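1. Please find the sequence and the predicted model below.
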Amino acid sequence: MFGLLFFLPRLPEIERNGIQIIDEFLIIFSCVVIYISFSKTSWLWKFLSLFLTMCIFYLPLLRIWGNVVSNFNTVLGILPWSDASNYYMDALELLHGGLFGTFSGYRPLFGCLLTVLLAITQQNLQIVLIIFVIINAIAAFLLAKELSNIFGPLVGIITLFLLQIYYRQFAGSTMSEQLGMAAGEIAFLTLVIAFRAKDFRYFCVGLFFSVFAMFVRPGALFIIPTIILLGLFTFSEDRQRMFRNAILIIIIVLATWQLNLKVSQFSSGPNSMPLGIFSYTLYGQAKGGAGWQQFFIDYPNQESKSSADLPTAAYNAALAEIYNHPIGLMKGILKSYRDFIFPGLNSVFGYIRFGNDIFDQILQISFLILMVIGLTKCWLERSSLVCALMLAFAVGIFLSIPFVPPGDATGMRLYAVTIVIPCLFAAFGVGVIAKKPILLPSQKNMLLTNGTSAVLFGSLMIVMSLSVVLIKANNRKPVFQAITCPEGLVPVAFYAPTGSYLMIVKNEIRQTTDFPIVPDKDVRRSLKNFPGDYTIFINDLRHAIVPPTIFTSTINFAKNEDVWLLAPPEILGVSGKIIRACGSYTDLSRKIIQITTFE
C-alpha cells in the first residue's frame, strides 16, 4: 500500500502563513483514524494505522522533492549538504574501499548504516531516504501503540503527532538523527515493556539499545546512569541479586562501548577520535555558552593540526579557560537551561515551527505548559514503574543539559534519542486536561507481542548497521584506465548516478517538477532561497547550470576528491561502470566540475 503512493499524482499546495493546509489536514485526519484504531484489536485496524503512520512521515519528504527544497542539510531536494554531505561522502568512500573521514569517525554507527543501505540500493539515494522514512515511521508507530495501551489512545496519538513534527526537519537528509531518533524510541519502548512486565531480560536489552542509540547520536548521556539506578532498585530483591545485576549491567555498557570503538577503528581513519566533537562543546560552554564553533574562531591556526590532535587541543583550551575564568562555565550552563526552557529555535519544543513566529511561540508555550502538567501528574503517579521510568529519563535529560547545550543545534537535534520524553509528558498533560483514564491495566499477551516486535526491530537496525563489516571486506578501490585530458581540463572518474541526481531540463520542456526531473526555473528559485552564508558557491552553481544537464554529488576517483558534477544526460545510459571523463572547474573553490567529454 505504501508503494502505491509513488504512483499517485502530486498533491496540490495551499499555503497560508507558512502552513501547508492540505498536508496538515491530511496529517490531522490520519491521526484521527489512527486514534480510533488504537482502541481496536483487529489486524486490519493495526495495518491501517501503520500505513497511515508511514504516510504522514512520508509527506515532508514528498514536499521536499516536489518543491526541490534547499535547506541546511539538502541541496535541491536530494543532494546532501554540510554535515549531511560529510556522512554521505564518507559512506561512499567506505563503499569504494576507503575509510570514514574525521566527521563520521566521531559517530561511525550511522555512517555504517548509510553505507549498507547505499550498497543494498546500488547507491540510490532516493530509495535510501524512503527507507529512513519507513524506519522512523515503524519505530514511532510501535512506541505510540504501546503508549496507547498504557495511557490511552489520546496520549499515544499526541506523542505520535509530536514525533512526526520533530522528524520533519530530518526528512530527506542523511543526518545521524535518522537512526538516532528511531533507535531512541525503540530503546525507550523496550524499557517500558521491561518495567511493565517486570522482566530483567527486557531491561538488559533496552539498556543495550539505549547505549547504542547514544553512540549513534550522542545527546543526554546522563539518562544511562539514571536508568541503571532505577533498574537496579526495581529488579533486585536483595543485595546478592543487586550485585549480580550490577555486574551484568556493567558488562552490557562496556560491551556496547567496545562495539562502538571497534566499529570506529574498523571503518575510520587512524586519526579519528570517537565522540571527540564534545571537546568543542566544552570549550563553547567554558566561553559562556558561545557555541561549539567558538574554538575555531579563537584558534583559527589549530585547523592545520591533524584530526586526532584537534580534540586534544580543544580539551586543553577548555580546561585552561575553566581554570582561568570559571564564571564563563557557569554562564554557559545557565544559558543552556534558559535556551531549553524559553520559547525559541533552541527550546524543548523549538522544532514546532510552521512559518508564523507568533503562532509558533503560542504552540511552543502551550506544549511547555502541557509538559509541566504531565510531569507533575507523572510525579504523583510515581508508584507506577512506567511513570518512574519516565521520571528517570527526565532527571537524566535535566542533568545532561549543560553538556548538551540546545544552542549548539537548533530544533533540539542533539536530543533526538530522548525527544520522545518531552513529547510524552506533553501528551500526558493533554490526557490529564481531557480527563482521560491514566495507567490502563496491561494485557500480558499484547505486552509480549509488542516486546517481541520492539526487540526484533531494534535488533534489525543494529544488525544492518554492523553489516558494514561484510561490505568493507568485499569492496576495493575502483580500478580504471588512466585518463588523458587536453590542457586546461581535469580528469574525472566516477560511477553513473542511480537515483542520486537531478535531471535539470529547460522550462519549455517541463513546467512542473516530476522528481528527479526538474525545470530550470524551480532550480533557480530553490537556490535563490538557499539558507546560510554560502553565497559564493551558490552563485557559481547558478551560473554553471545550463539545461539539459545532470547534477549530482559524488567522488572523483581520478583525484580522490568530493565533487559536484554537471554532466550530459547521456551518462545515465551507463550503469554499474566507471565513467572516464574530462571536465573543467566552474567555481573558485574548485568543487563544481562541468563534464565536457566522457566514455
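-> Looks like it came in fine.
2. Grab the CA positions of the strand or helix carrying Met371 and hand them over as PDB.
-> Met371 belongs to helix 357-380 when assigned by DSSP states H and E. This file holds the C-alpha atoms of helix 357-380, laid out as PDB (Å, rounded to 0.1, in the frame of the first residue of the first chain):
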ATOM      1  CA  ASP A 357       6.600  33.300  14.600                       C
ATOM      2  CA  ILE A 358       3.600  34.300  16.800                       C
ATOM      3  CA  PHE A 359       1.700  31.100  16.100                       C
ATOM      4  CA  ASP A 360       4.800  29.000  16.600                       C
ATOM      5  CA  GLN A 361       5.600  30.700  20.000                       C
ATOM      6  CA  ILE A 362       2.000  30.100  21.200                       C
ATOM      7  CA  LEU A 363       2.300  26.400  20.300                       C
ATOM      8  CA  GLN A 364       5.700  26.100  22.000                       C
ATOM      9  CA  ILE A 365       4.500  27.800  25.200                       C
ATOM     10  CA  SER A 366       1.300  25.600  25.200                       C
ATOM     11  CA  PHE A 367       3.200  22.400  24.900                       C
ATOM     12  CA  LEU A 368       5.700  23.500  27.500                       C
ATOM     13  CA  ILE A 369       2.800  24.100  29.900                       C
ATOM     14  CA  LEU A 370       1.300  20.700  29.000                       C
ATOM     15  CA  MET A 371       4.700  19.100  29.600                       C
ATOM     16  CA  VAL A 372       4.800  20.600  33.100                       C
ATOM     17  CA  ILE A 373       1.300  19.300  33.800                       C
ATOM     18  CA  GLY A 374       2.300  15.900  32.500                       C
ATOM     19  CA  LEU A 375       5.500  15.900  34.600                       C
ATOM     20  CA  THR A 376       3.500  16.800  37.700                       C
ATOM     21  CA  LYS A 377       0.900  14.100  37.100                       C
ATOM     22  CA  CYS A 378       3.700  11.600  36.500                       C
ATOM     23  CA  TRP A 379       5.300  12.500  39.800                       C
ATOM     24  CA  LEU A 380       2.000  11.900  41.600                       C
END
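3. Just the buried residues of whichever helix or strand comes after that helix, please?
-> Remark: after helix 357-380, the chain's next helix or strand is helix 385-400, criterion DSSP H and E. Applying a neighbour-count criterion of 16 or more other CB atoms under 10 Å, one finds 385-397, 400 buried in helix 385-400. C-beta here means a position set from N, CA and C on the backbone, and glycine is covered the same way.
4. after helix 385-400 comes which helix or strand?
-> Scanning forward in sequence from helix 385-400 by DSSP H and E, the next helix or strand is helix 420-433.
5. Show me what that next one packs onto, helices and strands only.
-> helix 125-151, helix 153-167, helix 177-197, helix 357-380, helix 385-400 (3 or more CB pairs under 8 Å, 6 or more residues apart in numbering; DSSP states H and E).
6. thinking again about what came up before, got the buried residues of helix 385-400 as CSV, with distance to Ile369 and pLDDT columns?
-> CSV is the format used below for the buried residues of helix 385-400 (distance: CB to CB, whole Å; pLDDT from 0 to 100):
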residue, distance to Ile369, pLDDT
Leu385, 27, 91
Val386, 23, 92
Cys387, 19, 93
Ala388, 23, 95
Leu389, 23, 96
Met390, 18, 96
Leu391, 19, 96
Ala392, 23, 97
Phe393, 20, 97
Ala394, 16, 97
Val395, 20, 97
Gly396, 22, 97
Ile397, 18, 97
Ser400, 23, 95
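7. Next up, identify which helix or strand Pro343 is on.
-> Since the elements are taken from DSSP H and E, Pro343 ends up inside neither a helix nor a strand.
8. surely it meets Ile365?
-> Yes - using CB atoms under 8 Å, Pro343 is in contact with Ile365, at 5.5 Å.
9. ok, these two, which is more surrounded?
-> Pro343 (20 against 14; other CB atoms under 10 Å).
10. For the more buried one, give its distance to Ala434.
-> For Pro343, the distance to Ala434 equals 24 Å [CB to CB, to the nearest Å].
11. Repeat that for Cys112.
-> 43 Å.
12. wait, what's in contact with Asp514?
-> By CB atoms under 8 Å, 6 or more residues apart in numbering, the contact set of Asp514 is Arg10.
13. Now it: phi and psi?
-> Main-chain torsions, Asp514, degrees, to the nearest 10: phi -130, psi 80.
14. Check the one 3 residues further on too.
-> The phi and psi values for Ile517, taken as degrees, to the nearest 10, are phi -90, psi 120.
15. Apart from its chain neighbours, what residue comes closest to it?
-> Spatial nearest neighbour of Ile517, chain neighbours left out: Met503 (4.9 Å); criterion: CB to CB, 6 or more residues apart in numbering.
16. Now do the buried residues in the strand or helix carrying Ala314.
-> Secondary structure assignment for Ala314, by DSSP H and E: helix 309-324. Residues 310-311, 314-315, 317-318, 321-322 are the ones in helix 309-324 that count as buried (16+ other CB under 10 Å).
17. now do stretch 362-378
-> 363-364, 367-368, 370-371, 373-375, 377-378.
18. before we move on, back to that, helix 385-400 and the following helix or strand past the helix holding Ala314, what's the angle between them?
-> Remark: after helix 309-324, the chain's next helix or strand is helix 326-341, criterion DSSP H and E. The directions of helix 326-341 and helix 385-400 differ by 140 degrees, with axes from the mean of the first three to the mean of the last three CA atoms, to 10 degrees as the criterion.
19. residues in contact with helix 326-341?
-> 284-290, 321-322, 346-348, 368, 401-402, 404-407.
20. Go again with 6 Å.
-> 285-289, 322, 346, 348, 401-402, 405-407 (CB atoms under 6 Å, 6 or more residues apart in numbering).
21. so how far is it off the chain centroid?
-> 26 Å (CA atoms, centre = their mean, to the nearest Å).
22. same check, this time on stretch 199-207
-> So, by CA atoms, centre = their mean, the centroid of stretch 199-207 is 25 Å from its chain's centroid.
23. I'd like the mean pLDDT over that stretch, please.
-> Averaged across stretch 199-207, pLDDT comes to 94.
24. Count the neighbours of Leu48 for me.
-> Leu48: 18 neighbours (other CB under 10 Å).
25. if I pick the closest residue to it other than its chain neighbours, what's in contact with it?
-> Nearest non-adjacent residue to Leu48, counting by CB to CB, 6+ apart: Ser37, 5.9 Å away. Listed by CB under 6 Å, 6+ apart, the contact set of Ser37 reads 45, 48-49.
26. Please repeat the previous calculation with a cut-off of 8 Å.
-> So Ser37 contacts 45-46, 48-49 (CB under 8 Å, 6+ apart).
27. Grab the two from those residues that are most spread out in space.
-> Maximum pairwise distance among the contacts of Ser37 (CB to CB): 7.3 Å, between Lys46 and Leu48.
28. quick one, helices of the stretch 151-300 of the chain?
-> 153-167, 177-197, 200-216, 223-234, 239-267, 278-286, 294-298 (DSSP state H, counting those that start in this stretch).
29. Among the ones you listed, single out whichever gets nearest to Ala426.
-> That would be helix 153-167 among the helices of the stretch 151-300 of the chain, by CB to CB, at 6.5 Å.
30. what's the closest one packed up against?
-> Counting by 3+ CB pairs under 8 Å, 6+ apart, helix 153-167 packs on helix 21-37, helix 43-66, helix 125-151, helix 177-197, helix 420-433.
31. Now do the same for the closest residue to Ala139 other than its chain neighbours: its pLDDT.
-> Counting by CB to CB, 6+ apart, Ala182 is the residue found nearest to Ala139 once chain neighbours are left out, at 3.9 Å. For Ala182, the model assigns a pLDDT of 97.
32. All further residue positions should be reported with the first residue as 36.
-> With 36 as the first residue, the last one maps to Ala217.
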